[in-house]
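Chemist: Pasted the sequence and its predicted model underneath.
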Amino acid sequence: MILIAIVAMSFSCSENKELKKVAISPNAFQVKAPMDQVVTKKGIDINFKTFDKNSYKLLELLISGTYGTTVLKAKLDHIRLNIHIPNVISRHAGMLTWELIGNGKTIQKGTFRLLPNTKTLKTMENYVGPRSIISNDRDYTMLVSIPVDSLDNMLPDKTPLIMRHQFKGNITTTTQEITTGFAWQRILAPLTTGRLITGSTMETISSKELVVDVFPDIATAFKISENSNHNYADGSEIITLKTDQIKDRYGNITTDGTLVTFFIKDNLDKRWQTTGSTINGYAFAKALHPQTPSAWTIKGVITGMVESPELNINFQSIIDQIPFTYTENNRITIGPLTSYLGQLVPDGIPISIKLNAKEIILKTKNGTATHSYDTKMIAPGTYDLEIKTLGITTVKPIILR
């Protein structure tokens, strides 16, 4: 067996040496130069017009295209000699450069194009963006269409396709030509809010539906108002702050969820805020009435966009005076405190009493509050007692015994 292998190798080497000694005539091999043709998944045969059976094994076809360079060998089929370009090359559109080489020397060369198959189409890829735009005369979205043939090759320039978009029942149709594989179109933003639907077609293929949302432009100035059962400073009533319907300059209602901040300042320059989100263009927020007479200045603001004119609200005291009694056992009873309808004030209203520069805070229960002074802690005598609650202050002399 070893002897047979050695003999076979010797024969092969001697055959190759003999082939290398053969001088190939420039006219011995001539191929039928391939012409421009449509891509195919079957491959391409390059046939020889003239060839030499004794030296064809020295031939190589160097072919270069979009996806690289490949070396192919010639094959003899009875009385025909050809070189087969495989489908991994023939299925991709583009320019191919070929060179027939024999024994290291160029015999023949040329180029040809593989063209997309415009008669057998596969899909239409569509892209649109941005997917949300603003309703004004500045914004737009862009629709891009990329049709391909059955072998996924992009189609040639100047190939027409139809692009459409629909908004609130109105359909706009335009014809665009492909450039470097795709066609595109700018779609200006409509001046009303809604959903913009896009699509493209070409002969037997269609794209998927893509949707763009059109949102309102920047809100314009709006007014605010208040709603409350009364304007007494009782510390328990809820006041509702609300906007009128907020719109952009084209009359589109602002997007639901737009945050409106109500900045509040009182006559003592204390500041705080409350917020509300829009629903159908209206925003609502709530605040608690003050416990003392106050004057509020309120402004509604959509941050970075717009603010409302100021709204002024005045709250008046629910009491005119502070009734209190003092007994000989040094017990002070403040109240009963009654509100604007004669009803008792809510529990928990703070009452400040100050005696000899020492302040004590009491809380109402059933409209009254009590406190007893211990003469072990404070010397007996006559003092001025200052009582302050609900924005009213009164000073009365008392005698501690």
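Modeler: Alright, I've got the coordinates.
Chemist: Strands along the stretch 51-200 of the chain, start to end?
Modeler: 59-65, 68-73, 75-77, 80-85, 94-102, 105-115, 121-129, 132-134, 140-149, 160-167, 170-177, 183-188, 194-202 (DSSP state E, counting those that start in this stretch).
Chemist: what residues does the last one touch?
Modeler: Contact partners of strand 194-202, identified using CB atoms under 8 Å, 6 or more residues apart in numbering, comprise 121, 124, 126, 128, 133, 141, 143, 145, 147, 159-168, 183, 187, 190, 206-214. In this view, the C-beta of every residue, glycine as well, is placed from N, C-alpha and C.
Chemist: Work out the sheet partners of the next helix-or-strand element following it and label each with its direction, please.
Modeler: Under the assignment DSSP states H and E, the closest C-terminal helix or strand after strand 194-202 is strand 205-206. Within its sheet, strand 205-206 is paired with strand 194-202 (antiparallel), according to DSSP bridges.
Chemist: just to revisit the earlier point, pull out the buried members of the contacts of strand 194-202.
Modeler: Neighbour-count burial (16 or more other CB atoms under 10 Å) applied to the contacts of strand 194-202 gives 121, 124, 126, 128, 133, 141, 143, 145, 147, 159, 161-165, 167, 183, 187, 190, 207, 210, 212, 214.
Chemist: centre of the chain versus stretch 228-235, how much separation?
Modeler: On the basis of CA atoms, centre = their mean, to the nearest Å, stretch 228-235 sits 44 Å off its chain's mean C-alpha point.
Chemist: for that stretch, which positions count as buried?
Modeler: Judged by neighbour count (16+ other CB under 10 Å), stretch 228-235 contains these buried residues: 228, 232-235.
Chemist: End to end on it, go ahead and measure it.
Modeler: From its first residue to its last, stretch 228-235 covers 13 Å (CA to CA, to the nearest Å).
Chemist: Can you give the contact residues for that stretch?
Modeler: 237-240, 288-294, 313-318, 339-340, 345-346, 349, 390-391.
Chemist: In PyMOL, select just the buried ones from the residues you listed.
Modeler: Buried members of those, defined by 16+ other CB under 10 Å, are picked up in PyMOL with:
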select buried, resi 237+239+289+290+291+292+293+294+313+315+317+318+339+345+349+390+391
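Chemist: Identify the residues contacting stretch 322-334?
Modeler: Taking CB under 8 Å, 6+ apart as the rule, stretch 322-334 contacts 335-337, 351, 353, 362, 368-375, 385, 387, 389, 392, 394, 396, 398, 400-401.
Chemist: Just the buried ones from these?
Modeler: Of these, these count as buried by 16+ other CB under 10 Å: 335, 337, 351, 353, 362, 368-369, 373, 385, 387, 389, 392, 398, 400.
Chemist: And these, which is closest to Thr66?
Modeler: Of all the buried ones among the contacts of stretch 322-334, Thr66 sits closest to Thr389, with 89.3 Å by CB to CB.
Chemist: and that closest one, bridged to which residues?
Modeler: Ile392.
Chemist: can I assume it is in contact with Ile349?
Modeler: Yes - with contact defined as CB atoms under 8 Å, Thr389 counts as touching Ile349 (6.4 Å).
Chemist: which stretch among the strands of the stretch 51-200 of the chain comes nearest Gln37?
Modeler: Smallest distance to Gln37 across the strands of the stretch 51-200 of the chain (CB to CB): 6.6 Å, for strand 105-115.
Chemist: Any buried residues in the closest one, and which?
Modeler: Buried residues in strand 105-115, counting neighbours by 16+ other CB under 10 Å, are found at 107, 112, 114-115.
Chemist: between those, which is closest to Gly94?
Modeler: Leu114 (6.0 Å).
Chemist: pretty sure the closest one is touching Ser90, no?
Modeler: Yes - if you go by CB under 8 Å, Leu114 and Ser90 touch, sitting 6.6 Å apart.
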